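Q: can you look at this prediction? I've put the sequence above it.
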Amino acid sequence: MPRFAFDYLDGGAGDEGGLANNRAAFHQVQFVPDYLEQRSDPETATEIFGRSYAMPFGVAPVGLSGLIWPRAAEYLAATAKEANIPFCLSAMATSSIEKIGAIAGEHAWFQLYPLADHGHEKELLDRAKAAGFSALLVTVDTPTTRRGLREIKNGMTVPPKLSLNNLSRIALNPSWALATLAAGPPRFESLLPYFPAGANYASVSEMISGLLARMIGWPEIEALRKHWDGPMIVKGLLSETDIEHCARLGLDAVLLSNHGGRQSESLVHPLDMIDDIRARIGDELKLFVDSGARSGLDVARALARGADFVFLGRAFMYGVAALGEPGAAHAAELLRTELIQIMGQIGCPDIASLPQFLRTQGNRGG
Ligand SMILES: Cc1cc2nc3c(=O)[nH]c(=O)nc-3n(C[C@H](O)[C@H](O)[C@H](O)COP(=O)(O)O)c2cc1C
């Protein structure tokens, strides 16, 4: 893939210290194995919102997916259905709600950035419901623009600047270029009906900022809760008080996230907040985690620290970026193999037992 597309996927905010912190949070989690207890094959199935998934992880929403690899969202949605894991479609993805619904059905979850126009927002959610999406994630952790230094350096705007440098990078990556030519330039397919008539490609950035709500607060979350009658998750929260408020509003889960280190390098990691949050809300809400997980081992680590489910953004996308269509299933299979491998290594029979194998300050978790 061209460098500007890789940097868009791989980069973080500011000095990118957030990326390193996210990895460090996972490295700190260690297991104490039991080798000679009676063992069975590890069971990875997990129930969320009354559905049984084969694995305790899913695909996090990634916007502008077609820039990374054409049809990336479609390949990942097909893999999610096949592997029986959830696939979250970003409202800003370049594959439409209808296309993904037809591919993944109820394995598809819809991620919304609240829109300024509530009529359009309701329509978008009704389209997701009609297309068979089974859960809604509302992302609230992008109240300001982000400073992505790689993107500034690359001239990576929406749409990308076709500088001589970027054109030569496209030319040097013929398989990406040909796949893009075949698929057509990436467009925000789900949002197209809400762009002003006659809008041209060059003004896409302004149109997007006009489309999205400027402020999101509890009234907006409450209104969405009333409109969406399925499971609803708020994505991007980290504080105990915010999460306690979500429990009061009758939400089903929170996805603890620092947006993969993309909004600010200074945000705390979800695994460092999870004990305080659990102490406050108990089991009232499901707690999902993302940000920095790169392997099945990391999935096991997050579950051992108390997460109910784990999402991965870049790990899945790296697979598609490296191999195209087969990369989606390859990434899912790698994650599955690594998860089973670590559970086998420590002697953990099932997902719910993972916390018992955690090394805490003095000793094992218990
Ligand atoms: C290229 C890219 C685009 C993203 N776009 C969105 C988005 O449109 N909506 C959203 O809620 N999160 C978005 N995220 C954040 C992911 O959903 C997720 O929180 C993050 O990738 C988790 O960190 P990880 O990549 O280290 O797994 C994006 C992440 C990446 C890497």
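A: Looks like it arrived, so ask away. Note that the coordinates shown come from a computational prediction; the quantities given were computed from them, not determined experimentally.
Q: quick one: secondary structure of the residue nearest to D290 when sequence neighbours are not counted?
A: Counting by Cβ to Cβ, 6 or more residues apart in numbering, F311 is the residue found nearest to D290 once chain neighbours are left out, at 4.0 Å. Every C-beta, even on glycine, is put in place using the N, C-alpha and C of the backbone. Under DSSP: H, G, I helix; E, B strand; the rest coil, the three-state class of F311 is strand.
Q: can you pull the pLDDT of F311?
A: F311 carries a pLDDT score of 99 in this model.
Q: bridging residues for it?
A: For F311, the beta-bridge partners are G58 (DSSP bridges).
Q: what residues does the stretch 151-300 of the chain put near the ligand?
A: Near the ligand, the residues belonging to the stretch 151-300 of the chain are K235, S257, H259, G260, R262, D290, S291, G292, A293 when assessed by Cβ under 6 Å from any ligand atom.
Q: from those, pick the one nearest the ligand.
A: The shortest approach to the ligand among those belongs to G260, at 2.6 Å (Cβ to the nearest ligand atom).
Q: what pLDDT does the closest one get?
A: Note on G260: pLDDT of 98.
Q: picking up where we left off before, ok, the residue nearest to D290 - contacts?
A: By Cβ atoms under 8 Å, 6 or more residues apart in numbering, the contact list for F311 reads F57, G58, V59, A60, C88, L255, S257, F288, V289, D290, A293.
Q: picking that back up, which of the residues of the stretch 151-300 of the chain next to the ligand fall within strands?
A: Those of those mapping onto strands are K235, per DSSP state E.
Q: redo the residues of the stretch 151-300 of the chain next to the ligand as a markdown table? Include neighbour count.
A: Formatted as a markdown table, those follow (neighbours: other Cβ atoms under 10 Å):
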| residue | neighbour count |
| --- | --- |
| K235 | 25 |
| S257 | 27 |
| H259 | 21 |
| G260 | 23 |
| R262 | 21 |
| D290 | 29 |
| S291 | 32 |
| G292 | 28 |
| A293 | 29 |
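Q: near the ligand, which residues of the stretch 1-150 of the chain? Just list them.
A: Residues of the stretch 1-150 of the chain found near the ligand, taking Cβ under 6 Å from any ligand atom as the criterion, are Y8, L9, N22, A60, P61, V62, G63, S90, M92, Q111, T139.
Q: try it again with 8 Å
A: Residues of the stretch 1-150 of the chain lying close to the ligand by Cβ under 8 Å from any ligand atom are 8-10, 19, 22, 60-65, 68, 88, 90-93, 111, 113, 137, 139, 141-142.
Q: from these, which would you call buried?
A: Burial by neighbour count, judged by 16 or more other Cβ atoms under 10 Å, picks out 8-10, 19, 22, 60-65, 68, 88, 90-93, 111, 113, 137, 139, 141 from those.
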